[in-house]
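J.: what's the 3D shape of this:
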Amino acid sequence: MPSVTVSISIPATQEKVWAVVSDIVNAQRWNKAWSHIELTTQLSEGRGTRFLAHVKDEDGGDQVSEFEITEWIAPEYIVFTPVRNPEAEREQLTIDWHSFRIVPLDRETTRVDLTAQATARGLRGRFAGMLLWPGHQKPGLEAALSSLARLCGAVPPDDAS
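T.: Here you go, the predicted structure:
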């Protein structure tokens, strides 16, 4: 199973970082690929919460993906898992989950590890999963962490002017 992890240290408390990541209704603030979020369960937080993430495609259309929170350990760990239809099992490469691990380094600094994991099927899927997919995923994960850092009141070193 191919996976990729990116990390950032944010000058903010673990609780502040958790408050931003766990605010599912406003998740498009740190994931700029999502144009808006729509809850599909009564839960607004915690394990079992389901939501629709809307993405604008290149033609301006709206693509929608459903996710479920499958792990929720406040204020340390959260996992977003796509809800798949049966046809996804035939795809060569499918995303299994995205996770945030939020670790305090000291009282005012927190490291966030964002991981994406996929399942590769067949020879082409394994090839793409090992050689191409990590490079494709990494920029999006890094962008999400940069947005998260900004929302927590920090400017990551790469973005400093």
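J.: Can you point out the buried residues in stretch 23-30?
T.: I24, A27, Q28, W30 (16 or more other Cβ atoms under 10 Å). Where C-beta positions appear, they are placed from N, C-alpha and C, glycine not excepted.
J.: Quick one: residues in contact with it.
T.: By Cβ atoms under 8 Å, 6 or more residues apart in numbering, the residues outside stretch 23-30 that reach it are 20-21, 34-37, 39, 44-45, 49, 51, 53, 69, 144, 147-148, 151.
J.: Distance from that stretch to the middle of the chain?
T.: How far stretch 23-30 lies from its chain's middle: 10 Å, per Cα atoms, centre = their mean, to the nearest Å.
J.: average pLDDT across that stretch?
T.: The predicted model gives stretch 23-30 an average pLDDT of 94.
J.: wait, T81 sits on S65?
T.: No. Using Cβ atoms under 8 Å, T81 is not in contact with S65; the gap is 10.9 Å.
J.: Report the residue spans of this protein with pLDDT below the cut-off.
T.: The model of the chain has pLDDT under 70 over residues 87-90, 125, 128-129, 155-161.
J.: residue ranges of the strands in it, please?
T.: For the chain, the strands defined by DSSP state E occupy 3-10, 36-39, 50-56, 62-73, 77-82, 93-106, 109-120.
J.: In JSON lines: the ones you listed, plus mean neighbour count and distance to M130.
T.: Compiled in JSON lines, the strands of the chain are given as follows (neighbours: other Cβ atoms under 10 Å; distance: least, Cβ to Cβ, whole Å):
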{"stretch": "strand 3-10", "mean neighbour count": "18", "distance to M130": "11"}
{"stretch": "strand 36-39", "mean neighbour count": "14", "distance to M130": "32"}
{"stretch": "strand 50-56", "mean neighbour count": "17", "distance to M130": "26"}
{"stretch": "strand 62-73", "mean neighbour count": "14", "distance to M130": "24"}
{"stretch": "strand 77-82", "mean neighbour count": "19", "distance to M130": "21"}
{"stretch": "strand 93-106", "mean neighbour count": "17", "distance to M130": "10"}
{"stretch": "strand 109-120", "mean neighbour count": "19", "distance to M130": "7"}
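J.: As JSON lines, these with distance to G140 would be great.
T.: Shown next, in JSON lines, are these (distance: least, Cβ to Cβ, whole Å):
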{"stretch": "strand 3-10", "distance to G140": "9"}
{"stretch": "strand 36-39", "distance to G140": "17"}
{"stretch": "strand 50-56", "distance to G140": "11"}
{"stretch": "strand 62-73", "distance to G140": "14"}
{"stretch": "strand 77-82", "distance to G140": "13"}
{"stretch": "strand 93-106", "distance to G140": "10"}
{"stretch": "strand 109-120", "distance to G140": "8"}
